[in-house]
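In: Have a look; sequence and predicted model below, questions after that.
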Amino acid sequence: MGNQINGYHDFYTVISNERKIGGVIEAEEIRLRSGETFKFPVFTNIDYSGSTFYTICFITDNGTKMIIHVNDISTIKSPVHKRVQDIKNEYYREMKIKEKVNYLKRLCQADQGAYTKPFVEEAKLIIEDIGYKNVENLNDIKFSLLTQKESNFFKIA
């Protein structure tokens with residue numbers, strides 16, 4: 001995480017593999033050709049046909065969802081792949097944390113205490129992405145995360 005994004009192919013790779021790698025793409029600023037600027041946009045989708053990218057979707061820091069043709073973008077300043085807990089766009093951070101906590105609850109219900117390797121890996125990725133503090137107070141699921149130095153797994157009791 002914390003990797004710079006160097007082009008639309010990087011946008012597409014991170015967005016399409018979000019479940020496997022976690023995190024989101026947030027930029028410091030996006031400026032459109034019309035002169036409008038938006039601080040801390042989080043990119044949610046990028047559309048392409050063949051090898052041509054044509055639209056990019058993002059959510060602004062005040063919650064406005066925008067779909068922009070790539071020709072209407074003047075600059076995207078400092079796009080970075082970040083953990084959800086580290087993004088500055090508060091609107092999107094809260095929305096995504098809620099979404100991932102709900103997914104984690106469903107994942108735990110489906111696993112029913114079997115602790116399979118795919119379950120452990122996916123649950124660990126979600127917890128690292130949204131931050132342990134966002135799951136430690138859940139009433140229906142108790143997490144006991146061991147330190148990385150002691151073990152590479154965690155126990156859900």
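Out: Yep, that arrived. Residues are numbered from 1 along each chain as shown.
In: Please give me every residue in contact with residue 62.
Out: By CB atoms under 8 Å, 6 or more residues apart in numbering, the residues touching residue 62 are residue 91. No exception for glycine: its C-beta is placed from N, CA and C like everyone else's.
In: for it, helix, strand, or coil?
Out: Here residue 62 is recorded as coil under DSSP: H, G, I helix; E, B strand; the rest coil.
In: how near is it to residue 105?
Out: 29 Å (CB to CB, to the nearest Å).
In: What of residue 2?
Out: Between residue 2 and residue 105 the distance is 28 Å, computed by CB to CB.
In: likewise residue 34?
Out: 42 Å.
In: quick one: which of these two has more around it?
Out: The neighbour count for residue 34 versus residue 105, taken as other CB atoms under 10 Å, is higher for residue 105 (14 against 8).
In: got the contact list for the nearest residue to residue 134 once chain neighbours are set aside?
Out: Leaving aside its sequence neighbours, residue 134 sits nearest to residue 97 (CB to CB, 6 or more residues apart in numbering; 5.3 Å). Shown in contact with residue 97 (CB under 8 Å, 6+ apart): 84, 85, 130, 131, 134.
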